[in-house]
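> This is a predicted model, with the sequence first.
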Amino acid sequence: MRGMSEHELNKFVGKILNTMNDGFFLVSPDGRIAMVNDALCRLLGYERDDLLGKPCTVLKCDVCAKSRAEGGEHWCRLFDATEETRKQCCLVRKDGGLVKVLKNASVLRDGERIVGGVETITDVTELCKREETIQDLKRILDADDTFMGMVGRSAAMQRTFTLLDKAAQSDAPVLLLGESGTGKELAARAIHELGPRKEGPFIQLNCAALNESLLESELFGHAKGAFTGAYRHRQGRFEAADNGDFFLDEVGDVPLPTQVKLLRVLETKSFERVGDHKPITADARIISATNRNLEDMVRRGEFREDLYFRIAVIPIRLPPLRERREDIPLLTEAFIRKLNDKSSQKVAGLSPEAMQLFVSHDWPGNVRELKSALEYAFVVADHEIIRPEHLPPAVSRENVCATRAVERGPDTLGPQHAAASGGRHEPLEVVQGEEPAEKAALVEALRKAGGNKSETARILGINRVTVMNRMRKYGVEMKKVLSS
Ligand SMILES: Nc1ncnc2c1ncn2[C@@H]1O[C@H](COP(=O)(O)OP(=O)(O)OP(=O)(O)O)[C@@H](O)[C@H]1O
């Protein structure tokens, strides 16, 4: 600036300040705004005249307000501190909006005399928003993908994990709702493991598997001679669950007369064994589960309303897999890792085409179906990579329909899903969706093992008893397998 006098320079100060991107203002020692630049007016939505001569408190700086409240020798802490750099504060715009800024401030002195204060402010609102987004994404990425053995990174599963955790801490009855294979049993175990009764027993009963009298005998026990075949006294599951958690699976299948007895036990914690009059008390927390729509059943008179309210104090819905497709790759990876550990086959992963089929399939049998599809693929694939031709037909064939369903959105997925979520009988397609994969995997493994059940178990990564159970379940005959 050689050749320009200070006086001449002063003439241009206003212009210089108005070319700055950052806001600038000058305050007099009594705190009145003496000078502002265009950037400040722009940033805060004020006209120059709105600000000039006004106390600087009009900018409603949060840090200034706080330090004023804490007190100090001077009305403004700047005059105590004499300098502030990169202080993060929040100002209020004329229209009431908040602006996050970084502020540099300095006291202006002429010798010993304070002549004012100068501040420059940089708008960091956008930067802060981006930082918040980064932090949110980081939280999602860092979020634990598993919760007591349940895999899920989707927001829906993360919410479910939080709810399960909270429910576990209370002693209130929990009702787990969700389609078959969504993980209700895993969730029940998680609640037990995390809850105050974890040192006590976790007793489980599938209410759908038994007729009325067997169910009552299982629930409450029976006295010797109570019915033909009752040779001994037998403890019921309620009694066994004393001081622990009692998981009533498929609670929607409890017949109405048994519902009355169940309600009485839940209310009084007291019951009698079948064929006996001696009252027995047991204190168990009830965790129930169903894939049926209990509210509809209550409306239809098929489920007692009073029992419903007893067991549904904390209802938690396990979302179907098609509502959280983002979890499919993660679940796939987790199951492949487990199957690799257990079986002789070593698989690196799915080809992009197979993964595409996985992600677009609707999984009416949910996580159980996905697990079975991988068990099938492990047996069929003789490569390190699972390709579409290694997947069960239900997965590879339905690609087109599934893609259409995805395009239509989850609310229009068709009747099989409505039924799967609430109807008493799962539609044929649901059963077909999950059974053939498990059955086909079993048959293929038996064939590979030449009928040797232990070898079959090793191939499938399950135990020998499960092999026999599955053979019985699917009516698989060894002779037919070996001759086909
Ligand atoms: N989130 C998950 N992460 C890992 N495995 C899961 C998950 N959800 C379910 N599974 C697995 O899927 C299978 C079915 O789960 P589970 O038996 O808990 O489902 P469910 O809802 O109780 O089914 P159903 O109503 O038919 O009894 C099990 O092998 C379970 O380990």
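Great, that's in hand.
> The residue nearest to residue 205 when sequence neighbours are not counted and the ligand, how far apart?
Distances taken as Cβ to Cβ, 6 or more residues apart in numbering put residue 237 closest to residue 205, at 5.0 Å, once the chain neighbours are dropped. No exception for glycine: its C-beta is placed from N, CA and C like everyone else's. For residue 237, the distance to the ligand equals 17 Å [Cβ to the nearest ligand atom, to the nearest Å].
> okay, now the residue in the stretch 201-350 of the chain that the ligand sits nearest to: neighbour count?
Here the stretch 201-350 of the chain gets closest to the ligand at one residue, residue 291, 4.8 Å apart by Cβ to the nearest ligand atom. Residue 291: 26 surrounding residues under other Cβ atoms under 10 Å.
> can you pull the contacts of the residue of the stretch 101-250 of the chain found nearest the ligand?
Nearest residue of the stretch 101-250 of the chain to the ligand: residue 183, at 2.7 Å (Cβ to the nearest ligand atom). Residues in contact with residue 183 (Cβ atoms under 8 Å, 6 or more residues apart in numbering) are 150, 318, 366, 367.
> With adjacent residues omitted, what lies nearest to residue 39?
Nearest residue to residue 39, sequence neighbours excluded (Cβ to Cβ, 6+ apart): residue 23, at 4.8 Å.
> what does residue 233 give?
residue 224 (5.1 Å).
> With residue 215 as the reference, measure out to that neighbour.
As judged by Cβ to Cβ, to the nearest Å, residue 224 and residue 215 stand 20 Å apart.
> neighbour-wise, which of the two wins?
It is residue 215, of residue 224 and residue 215, that has more neighbours when counted by other Cβ under 10 Å, with 22 against 12.
> Quick check: residue 246 is in a strand.
Yes: residue state for residue 246 (DSSP: H, G, I helix; E, B strand; the rest coil) corresponds to a strand.
> Okay, now stretch 24-38: how far is its last residue from its first?
Using Cα to Cα, to the nearest Å, the end-to-end distance of stretch 24-38 comes to 8 Å.
> swap in stretch 225-239?
Taking Cα to Cα, the first and last residues of stretch 225-239 lie 19 Å apart.
> So what touches it?
Residues lying outside stretch 225-239 but in contact with it, judged by Cβ under 8 Å, 6+ apart, are 203-205, 213, 217-224, 246, 265, 271, 273-276, 280, 282, 284.
> Buried among those? Make that a ChimeraX selection.
Typed into ChimeraX, the line below selects the buried ones among those, using 16 or more other Cβ atoms under 10 Å:
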select :203,204,205,217,218,219,220,221,222,223,246,265,271,273,274,275,276,280,282,284
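> Can you pick out the ones from the contacts of stretch 225-239 that are in strands?
Counted as lying in strands by DSSP state E, out of those, are 203, 204, 205, 221, 222, 246, 271, 280.
> Would you mind giving both backbone torsions of residue 174?
Dihedral pair for residue 174: phi -120, psi 140, per degrees, to the nearest 10.
> now do the one 3 residues further on
Note on residue 177: backbone dihedrals following degrees, to the nearest 10 are phi -110, psi 140.
> All further residue positions should be reported with the first residue as 14.
Done: numbering now begins at 14, and the last item shifts to residue 190.
> Neighbours of it, how many?
22.
> Show me which residues of the stretch 314-463 of the chain sit near the ligand.
Contacts of the stretch 314-463 of the chain with the ligand, taken as Cβ under 6 Å from any ligand atom, map to 344, 380, 381, 384.
> Return the residues of the stretch 114-263 of the chain in contact with the ligand.
Going by Cβ under 6 Å from any ligand atom, the residues of the stretch 114-263 of the chain near the ligand are 163, 164, 165, 191, 193, 194, 195, 196, 197, 198, 199, 262.
> that older thread, could you dump the residues of the stretch 314-463 of the chain next to the ligand into CSV and include pLDDT, secondary structure and distance to residue 142?
Converted to CSV, those look like this (pLDDT from 0 to 100; DSSP: H, G, I helix; E, B strand; the rest coil; distance: Cβ to Cβ, whole Å):
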residue, pLDDT, secondary structure, distance to residue 142
344, 95, helix, 33
380, 96, helix, 36
381, 94, helix, 42
384, 95, helix, 41
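> Which pair of these spans the longest distance?
The span of those, defined through Cβ to Cβ, is set by 344 and 381 at 11.0 Å.
> Could you check which of the two has the larger neighbour count?
residue 344 (22 against 19).
> Looks like that one contacts residue 383 (just checking).
Yes: applying Cβ atoms under 8 Å as the test, residue 344 and residue 383 come out as touching, 5.9 Å apart.
> which neighbours do the two share?
Shared contacts of residue 344 and residue 383, defined by Cβ under 8 Å, 6+ apart, comprise residue 334.
> Adjacent strands (with direction) for the longest strand anywhere in the chain?
Counting residues, the longest strand in the chain under DSSP E turns out to be strand 111-123. With DSSP bridges as the test, strand 111-123 is paired with strand 96-105 (antiparallel), strand 126-136 (antiparallel).
> Run the chain-centre distance for it.
Here strand 111-123 is found 44 Å from its chain centre; the criterion is Cα atoms, centre = their mean, to the nearest Å.
> now stretch 21-28
61 Å.
> Now the strand or helix carrying residue 495: average pLDDT?
Under the criterion of DSSP states H and E, residue 495 resides in helix 491-496. For helix 491-496, mean pLDDT is 84.
> Repeat that for stretch 353-369.
Averaged over stretch 353-369, pLDDT sits at 87.
> ok, residues contacting the longest strand of the chain?
Applying Cβ under 8 Å, 6+ apart, the external contacts of strand 111-123 come out as 36, 39, 56-57, 74, 76, 91-92, 95-106, 127-138, 140-141.
> so what's the residue nearest to residue 246 up against?
By Cβ under 8 Å, 6+ apart, the contact set of residue 237 is 243, 244, 245, 246, 288.
> go on, residue 280?
Residue 280 is in contact with residue 323, counting by Cβ under 8 Å, 6+ apart.
> any idea how far it lies from residue 260?
According to Cβ to Cβ, residue 280 stands 19 Å off from residue 260.
> Also residue 490?
Per Cβ to Cβ, residue 490 is found 34 Å from residue 260.
> Between those two, which is the more surrounded one?
For residue 490 versus residue 260, neighbours defined as other Cβ under 10 Å are more numerous around residue 260 (28 against 10).
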